[in-house]
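**Student:** with the input below, show me the fold.
(chains A and B)
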Protein chains: 2
Amino acid sequence: MSRVSCPILSSRITTAEHAAALIGPGDNVGISGFTGAGYPKAVPAALAARMRAAHERGEDFRIGLWSGASTAPDADGVLAEAHGIATRLPYNSDPLLRSEINAGEVDYIDAHLSHSAQQMWFGFYGRLDVAVVEVAAILPDGRLVPSSSVGNNKTWLDQAERVILEVNSWQPRALEGFHDLYYGTALPPHRRPIPLTEPMQRIGEPYLRVDPARVVAVVETDAPDRNSPFAEPDDTSEAIAAHLLDFLRHEVAAGRMPPTLLPLQSGVGNTANAVLAGLGASEFTGLTAYTEVLQDAMLDLLDSGTLAAASATSFGLSDAGVRRFTEGIERYRGRILLRSEEISNHPEVVRRLGVIAMNGMIEADVYGNVNSTHVMGSAIMNGIGGSGDFARNAYLNFFLSPSTAKGGAISTIVPMVSHVDHTEHDVHVIVTEQGLADLRGLSPRRRAARVVASCAHPGFRDALADYLERAARERPTARHTPHLLQEALAWHQRYLETGRM
Amino acid sequence: MSRVSCPILSSRITTAEHAAALIGPGDNVGISGFTGAGYPKAVPAALAARMRAAHERGEDFRIGLWSGASTAPDADGVLAEAHGIATRLPYNSDPLLRSEINAGEVDYIDAHLSHSAQQMWFGFYGRLDVAVVEVAAILPDGRLVPSSSVGNNKTWLDQAERVILEVNSWQPRALEGFHDLYYGTALPPHRRPIPLTEPMQRIGEPYLRVDPARVVAVVETDAPDRNSPFAEPDDTSEAIAAHLLDFLRHEVAAGRMPPTLLPLQSGVGNTANAVLAGLGASEFTGLTAYTEVLQDAMLDLLDSGTLAAASATSFGLSDAGVRRFTEGIERYRGRILLRSEEISNHPEVVRRLGVIAMNGMIEADVYGNVNSTHVMGSAIMNGIGGSGDFARNAYLNFFLSPSTAKGGAISTIVPMVSHVDHTEHDVHVIVTEQGLADLRGLSPRRRAARVVASCAHPGFRDALADYLERAARERPTARHTPHLLQEALAWHQRYLETGRM
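**Tutor:** Numbers count the residues shown, from 1 in each chain, chains lettered A, B, ... in the order given. Here you go, the predicted model:
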């Protein structure tokens, strides 16, 4: 039975190929999708075929590709393979597209996720020509049941000149009611307070709206989200989790947080998964999450009661996680809410709720500056995503990483980070498997002592301490943040030259 | 006639020396003061005398000094001269204290001003022993008429174990009614939306509250605020202002802002003053300000009608400006409102209002990272202040600087900044006297081309372009943000070694 119940929109049902033909060279295209969930499954491949054909004819055919966050090989991947992406925002984790960005072929605008919708609306990115948005169903009155992610869909549907909908019958029809779409945002000077004061408060409606007059095509699909499972926790990630949990216990004991903590935000990845697993095995219970992504480990916590409820903007489940969610979906109803990323990541809401932010990093320097995006200063890895939205406005933030990478060749604790995404003014706690450095209320020099002693790998600790000691000695009138500028990035340069820091 | 009308508090009137005797070694002391306005005039000097006496006896006597922002020689200066400051937060611009920080003698915690009150309240800085707060008068019921700045006074008065009040009869008694103190803040999970939706909306009351039981001393003073006048605009700052004004006109013409713009925030300094003077000479009228500091140039704009009204947390006037304000005070009533810095700088409010943020900088790199705090990577200048609060959450932000410093020896546009306070993800527009670079919606490489072409001084432009060209060539798989790590900070190192970049 068709998921398209609206007569007007039923009349627009067509093939992916016909839909893709409505997208032209130079168009800016806003697609759905966040962490491999809810992205369009059919139109990108059809569009990629058009691009390849155009390129074979010697014609240019590239687009500006905007999304919620990362998508999957069927979206970013096929378009990158066709060399059809000229600009990309606000986030990417596709390996092929990454290599094109780092080759200088694609312009990538790596933006705070909480900024992406409003900056589009402000006109900073130019006009939006086409939206391609996956939904789970279309109701008789034309309202849309959102899919497994919300991301920037509300903004794309509102702002695009032409709209293409993919209605994916693989998505559970019972997703209806799992979303909260807030339509109260506005441009300055007409903005009003976002009324959200608790993670699970509904401030909107369960549906996305679209003007049927702008819907130029509806494509029916039946295709799975493509998420990769995370690795099982290993000794390193378990050690990181243990340090973090001890610290949370300490903060509760000191009266700085209630026993149910404050709403948790967790990045995505193996370390974050280990932290969530650690929480599941702990005495903590009745917690809440106000986060971007609901991954398998969050389902575990919801199942065990460690987590009472979770607000996010997207699922990010493995195939097994999807089965678990789908089969037990009624168990999660009312305990999971997906919102627009402008709300899930909103500085106003994150600060109000007092979120505890836990995010991975590429490297930190001794003074507490964090690099979340760049390898050796120049090559982009993924992007800043929501880490800045959460870290800046959090009650408490953690940045997590093993103390070494590449089998010990790289120290993730360095004299100076090769790129700064979170400044010394913003970073509260750094955690590696070696230990935890609480940087709150410390001057740069005291932070440095703590980071070296607690977080650095023993194999790099002496070299870091030596750097700090010489920097303070050689520049006696510049001891607020001692640095030797000719050496500050030498560790990275040495890695580039020798394969070892 | 005494400004102290409350019988209970009248009974606590004493000398500065007796009041200072209530402050002991190791105490954390929260003082009033912001941009040289409203700081305590008598107790710091008396405290400094106690410190010197203790030091002469061979005893340690240093305190943790917390404030709104910068103070003046009579506060930071005398305490620094007595070597009586162990830690300082959240901002300093006193030259003597700066040199002690840079000598490694004082621990300086350089914090976002919007974070300072809440982090104190969270317990990140330890307990607050004593508050020393200047007020303009004490009402019969014990409520306090705030002085020429508000800063963190509400928090210090709320949280300190002991309170010392300085009642300064030099301050206009008619300041009563110029303040709006919001008492609705709370700790998570009890926070509610800040109800402010327009710059001049009153959401609180005109008075500071204090528990009389905790007031251990009241000191009467009659001493002026000490502010320095800014330099008159010169060709360079006028050129910066002209570029910025042209850009604002362009944005209005493009329909991205109303003709009355959006609320203005302006940093303090000669360049900012020139921008404000440029606005005054322009066709713009009926503007509003939502800012930290109300300087002379803002009085000009209020007088001319360019500015309808201004919300701030502090005055920052020259002696002439003080006279003008005091003599014409009734003219400004209802058009100037001073708030706590947690509200003037609140991310929630700044984003909601869509503030246009204009701040100076020390240097920017070609990719749009901005250094607001450190000289050659290590020596602190002043601090980040509110620039991050405003820049991150602004509708539009500008960072302003002449393209060179030290008579041309330093390029303020560099390959890589030596310290990052505002990341590439946060910076919209960079302006020097050479021109303006609009970085919105651009990838790092495109930003670099624009910054070099528009902002760099011609004497450094070729070297910057050469750096970028070689970086892209030598690291062909790392072209998202091309850098040569062995050279990235070489300009700064060369300056340290030769006095020229």
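**Student:** for the residue of the stretch 151-300 of chain A found nearest chain B, grab phi and psi.
**Tutor:** Closest residue of the stretch 151-300 of chain A to chain B, C-beta to the nearest C-beta: A:Pro188 (2.4 Å). Bear in mind the C-beta positions are built from the backbone N, C-alpha and C, glycine included. Dihedral pair for A:Pro188: phi -60, psi 140, per degrees, to the nearest 10.
**Student:** now check stretch A:381-398, is it near chain B?
**Tutor:** Yes: using C-beta under 8 Å from any C-beta of the partner chain, stretch A:381-398 reaches chain B at A:384, A:388, A:392-393, A:395.
**Student:** may I see the buried residues of that stretch?
**Tutor:** The neighbour-count check on stretch A:381-398 (16 or more other C-beta atoms under 10 Å in any protein chain shown) flags A:381-398 as buried.
**Student:** what mean pLDDT does it have?
**Tutor:** Averaging pLDDT along stretch A:381-398 yields 98.
**Student:** how about the CA coordinates for it, as CSV?
**Tutor:** The C-alpha trace of stretch A:381-398 is given here as CSV (Å, rounded to 0.1, in the frame of the first residue of the first chain):
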residue,chain,number,x,y,z
MET,A,381,38.9,14.6,8.5
ASN,A,382,35.1,15.0,8.9
GLY,A,383,34.0,18.4,10.3
ILE,A,384,33.2,20.3,13.5
GLY,A,385,29.6,19.1,13.4
GLY,A,386,27.8,20.0,16.6
SER,A,387,30.8,19.8,18.9
GLY,A,388,31.2,23.5,19.1
ASP,A,389,27.5,24.1,19.6
PHE,A,390,27.6,21.8,22.6
ALA,A,391,31.0,22.5,24.0
ARG,A,392,30.7,26.3,24.1
ASN,A,393,27.3,26.2,25.8
ALA,A,394,27.6,23.1,27.9
TYR,A,395,27.5,23.1,31.7
LEU,A,396,30.4,20.7,31.4
ASN,A,397,32.3,19.5,28.4
PHE,A,398,34.7,16.6,27.8
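**Student:** what sits against the residue of the stretch 151-300 of chain A closest to chain B?
**Tutor:** B:262, B:352-354, B:395 (C-beta atoms under 8 Å, 6 or more residues apart in numbering or on different chains).
**Student:** ok, so of the residues you listed, who is nearest chain A?
**Tutor:** Looking across these and measuring by C-beta to the nearest C-beta, the closest to chain A is B:Gly354, at 2.4 Å.
**Student:** ok, the closest one to B:Arg62 distance?
**Tutor:** Separation of B:Gly354 from B:Arg62 (C-beta to C-beta, to the nearest Å): 43 Å.
**Student:** comparing these two, which residue is more hemmed in?
**Tutor:** Set B:Gly354 next to B:Arg62 and count neighbours by other C-beta atoms under 10 Å in any protein chain shown: B:Gly354 wins out with 23 against 20.
**Student:** what sits against the nearest residue to A:Pro458 once chain neighbours are set aside?
**Tutor:** Once flanking residues are discounted, A:Pro458 sits nearest to A:Gln434: 7.6 Å by C-beta to C-beta, 6 or more residues apart in numbering or on different chains. Taking C-beta under 8 Å, 6+ apart, we find A:Gln434 in contact with A:239, A:403, A:454-458.
**Student:** any idea how far A:Ser2 is from A:Gln434?
**Tutor:** A:Gln434 is 57 Å from A:Ser2, by C-beta to C-beta.
**Student:** do the same with A:Glu81
**Tutor:** From A:Glu81 to A:Ser2 the distance is 31 Å (C-beta to C-beta).
**Student:** just A:Glu59 next, same as before
**Tutor:** 36 Å.
**Student:** over to A:Ala391?
**Tutor:** Applying C-beta to C-beta to A:Ala391 and A:Ser2 gives a distance of 44 Å.
**Student:** helices or strands up against the longest strand along chain A?
**Tutor:** Longest strand in chain A, counting residues (DSSP state E): strand A:130-138. Identification of packing neighbours for strand A:130-138 by 3 or more C-beta pairs under 8 Å, 6 or more residues apart in numbering or on different chains; DSSP states H and E yields strand A:28-31, strand A:144-146, helix A:153-159, strand A:162-168.
**Student:** for that strand, which positions count as buried?
**Tutor:** A:130-138.
**Student:** re earlier: among A:Glu81 and A:Ser2, which residue is more densely surrounded?
**Tutor:** Comparing A:Glu81 with A:Ser2 by other C-beta under 10 Å, the one with more neighbours is A:Glu81, at 18 against 12.
**Student:** OK, contacts around that one?
**Tutor:** The neighbours of A:Glu81, taking C-beta under 8 Å, 6+ apart as the test, are A:48, A:96.
**Student:** ditto for A:Phe124
**Tutor:** So A:Phe124 contacts B:440-441 (C-beta under 8 Å, 6+ apart).
**Student:** what of the one 10 residues further on?
**Tutor:** In this structure, A:Glu134 makes contact with A:32-33, A:38-41, A:147, A:165-168, A:171, A:221, judged by C-beta under 8 Å, 6+ apart.
**Student:** export those to TSV and tack on neighbour count?
**Tutor:** Formatted as TSV, these follow (neighbours: other C-beta atoms under 10 Å in any protein chain shown):
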residue	neighbour count
A:Ser32	31
A:Gly33	32
A:Gly38	33
A:Tyr39	31
A:Pro40	32
A:Lys41	23
A:Ser147	33
A:Leu165	29
A:Glu166	26
A:Val167	24
A:Asn168	25
A:Gln171	26
A:Thr221	17
